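Chemist: Okay, sequence plus prediction incoming.
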Amino acid sequence: MSKQHNLEAKRIAGYAAAEQVQDGMVVGLGTGSTAQYAIQRVGERIQEERIAVTGIPTSYQSALRAREAGILVVDLPGVSSIDLTIDGADQIDARFNLIKGGGAAHTREKCVADASERILIVADATKVSECLTAPVPVEVVPYATVGVGRHIRALGGEPVIREAVRKDGPVITDNGNFVLDCAFGTINEPAALAARLNAIPGVLTCGLFTEYAEKITVLIGESEGCRTLT
Ligand code: 5RP
């Protein structure tokens, strides 16, 4: 898939998800290029249809995009529940287990997913796989990075500190932490691996989302339109 086709597929999925937002909803706003399209379209619908939407961002990036789009932004502690969350994913398996965190936002994304009644995962077709095989992002308290790396190697993973693209040094998350991208090959038991990773001292959250399949619908953008996986 060319970069242009890939972006178009993301736009189609993001826009389709935005159409499911209804007047009065509290909506979780995911992070990443696909979720940004949904944020943009929700903003347009607010202008065009005068619907009222409260947006709960999952990152500073999505908060800024939402403000630019004219969406009322409220922080997660300001609401008791979220009607619908629209978010992207790095990989989606056949049972709707996810790998997230390509944008280093998976801790807040998981908090928002957890508070949500329904979750729309928006993606292009390259993200769908029978099994999870992508590296798992793990948000780590900087103080504990070396020790966490040792634990991850003992679990069979190969951790790499994520480096910032335009400066010399590690990526710093919105929570002030580092991210270790951890290759495990094919992940046969994602829930068990998630439990082990999350139990390591110094790990804030890993990017394996294994507990939300029942409330997830996946929207895959394609050149002919949007395909829904339930
Ligand atoms: C951010 C995420 C993103 O949702 C994920 O990386 C997908 O991004 P994109 O839509 O740009 O492909 O988990 O932490």
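Modeler: Arrived safely.

Chemist: Torsion angles phi and psi at Val140?
Modeler: phi -130, psi 140 (degrees, to the nearest 10).

Chemist: near the ligand, which residues of this structure show up?
Modeler: 10, 30-35, 87-90, 100-106, 109 (Cβ under 6 Å from any ligand atom). Placement of C-beta: from N, CA and C, glycine included.

Chemist: again, 5 Å this time
Modeler: 31-34, 88, 90, 100-103, 105-106 (Cβ under 5 Å from any ligand atom).

Chemist: Could you list which of these belong to helices?
Modeler: 33-34, 106 (DSSP state H).

Chemist: ok, of those residues, which come out buried?
Modeler: Restricting those to buried positions leaves 33-34, 106, with burial counted as 16 or more other Cβ atoms under 10 Å.

Chemist: closest to Arg153 among the ones in helices among the residues of the chain next to the ligand?
Modeler: His106 (21.0 Å; Cβ to Cβ).

Chemist: State the distance from the closest one to Ile99.
Modeler: As judged by Cβ to Cβ, to the nearest Å, His106 and Ile99 stand 9 Å apart.

Chemist: intersection of neighbour lists for these two?
Modeler: 137, 207, 209 (Cβ atoms under 8 Å, 6 or more residues apart in numbering).

Chemist: Quick check: phi and psi on the first one?
Modeler: If I follow you right, that is Pro137. Here is the backbone geometry of Pro137 (degrees, to the nearest 10): phi -70, psi 130.

Chemist: now swap in Leu229 and tell me
Modeler: Torsion angles, degrees, to the nearest 10, at Leu229: phi -110, psi 130.

Chemist: Same check on Arg153?
Modeler: According to degrees, to the nearest 10, Arg153 has phi -60, psi -40.

Chemist: what do you get for Phe178?
Modeler: Dihedral angles (degrees, to the nearest 10) for Phe178: phi -100, psi 170.

Chemist: now Gly14
Modeler: Dihedral pair for Gly14: phi -60, psi -40, per degrees, to the nearest 10.

Chemist: Number of residues surrounding it?
Modeler: Around Gly14 there are 29 other residues, counting by other Cβ atoms under 10 Å.

Chemist: now do Tyr212
Modeler: Neighbours of Tyr212 using other Cβ under 10 Å come to 18.

Chemist: isn't it right up against Ile119?
Modeler: Yes - the pair Tyr212 / Ile119 is scored as a contact, 5.9 Å apart, by Cβ atoms under 8 Å.

Chemist: Common neighbours of the two, please.
Modeler: What both Tyr212 and Ile119 touch, as defined by Cβ under 8 Å, 6+ apart, is the set Ala113.

Chemist: picking that back up, redo the buried ones among the ones in helices among the residues of the chain next to the ligand as a markdown table? Include pLDDT and distance to Arg162.
Modeler: Output for those, formatted as a markdown table (pLDDT from 0 to 100; distance: Cβ to Cβ, whole Å):
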| residue | pLDDT | distance to Arg162 |
| --- | --- | --- |
| Ser33 | 97 | 17 |
| Thr34 | 98 | 20 |
| His106 | 98 | 12 |
